[in-house]
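Peer 1: Mind looking at a prediction? Sequence and model below.
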Amino acid sequence: MQECKVNILGTEYRVFFDLEDEEADGEARFYNKEIHIRPVHKMLDKDSSYEERMNRAKEVYRHEILHCALFEMGADVLSRDESLVNLLAINSPKIFKVFQELDIL
């Protein structure tokens, strides 16, 4: 994964893989229009496989994008709801798979 720009509901965010926070794997900075994510090689613990670390990084990436999407929708309170955002980040691939199967994307 590499640094990039992503358009979230019409607003451009810059994405960095540089987070060194011991408390979090990712961080959405709404007013700076930035997303910061822990580097893949620093995800999980030292015994985790590359695949496990990559899966976690993707989950964190989705999580932070969803924070930003909710914020950009004007749902400021919901954008800060970690339980809601986690639920959506973990389950969105399953939901999108159904959408693809039904050809409704």
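Peer 2: Thanks, I have the structure now.
Peer 1: Which residues does the longest helix seen in the chain contact?
Peer 2: Longest helix of the chain, by residue count under DSSP state H: helix 50-72. When contacts are defined by CB atoms under 8 Å, 6 or more residues apart in numbering, helix 50-72 is touched by residues 1, 6, 8-11, 13, 15, 25-28, 30, 35, 37-38, 40-41, 43-44, 48, 78-80, 85-86, 88-90, 92-93. C-betas here are computed from N, CA, C, even on glycine.
Peer 1: now do stretch 78-86
Peer 2: Taking contacts as CB under 8 Å, 6+ apart, the residues outside stretch 78-86 that touch it are 28, 30, 63, 66-68, 70-71, 73.
Peer 1: 10 Å instead?
Peer 2: With CB atoms under 10 Å, 6 or more residues apart in numbering as the test, stretch 78-86 has contacts from 28, 30, 59, 62-73, 75, 77, 87-88.
Peer 1: follow-up on the earlier one: export the longest helix of the chain to PDB, keeping only CA atoms.
Peer 2: What follows is helix 50-72, C-alpha atoms only, in PDB (Å, rounded to 0.1, in the frame of the first residue of the first chain):
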ATOM      1  CA  TYR A  50       2.000 -10.900   5.800                       C
ATOM      2  CA  GLU A  51      -1.500 -12.000   4.700                       C
ATOM      3  CA  GLU A  52      -2.800 -11.300   8.200                       C
ATOM      4  CA  ARG A  53      -1.100  -7.900   8.400                       C
ATOM      5  CA  MET A  54      -2.400  -7.000   4.900                       C
ATOM      6  CA  ASN A  55      -6.000  -8.100   5.800                       C
ATOM      7  CA  ARG A  56      -5.800  -5.900   8.900                       C
ATOM      8  CA  ALA A  57      -4.400  -2.900   6.900                       C
ATOM      9  CA  LYS A  58      -7.300  -3.200   4.400                       C
ATOM     10  CA  GLU A  59      -9.800  -3.300   7.300                       C
ATOM     11  CA  VAL A  60      -8.200  -0.200   8.900                       C
ATOM     12  CA  TYR A  61      -8.200   1.500   5.500                       C
ATOM     13  CA  ARG A  62     -12.000   0.800   5.000                       C
ATOM     14  CA  HIS A  63     -12.600   1.900   8.600                       C
ATOM     15  CA  GLU A  64     -10.900   5.300   8.100                       C
ATOM     16  CA  ILE A  65     -12.600   5.900   4.700                       C
ATOM     17  CA  LEU A  66     -16.000   5.200   6.400                       C
ATOM     18  CA  HIS A  67     -15.200   7.800   9.200                       C
ATOM     19  CA  CYS A  68     -14.500  10.300   6.400                       C
ATOM     20  CA  ALA A  69     -17.600   9.400   4.400                       C
ATOM     21  CA  LEU A  70     -19.900   9.800   7.300                       C
ATOM     22  CA  PHE A  71     -18.200  13.100   8.200                       C
ATOM     23  CA  GLU A  72     -18.600  14.400   4.600                       C
END
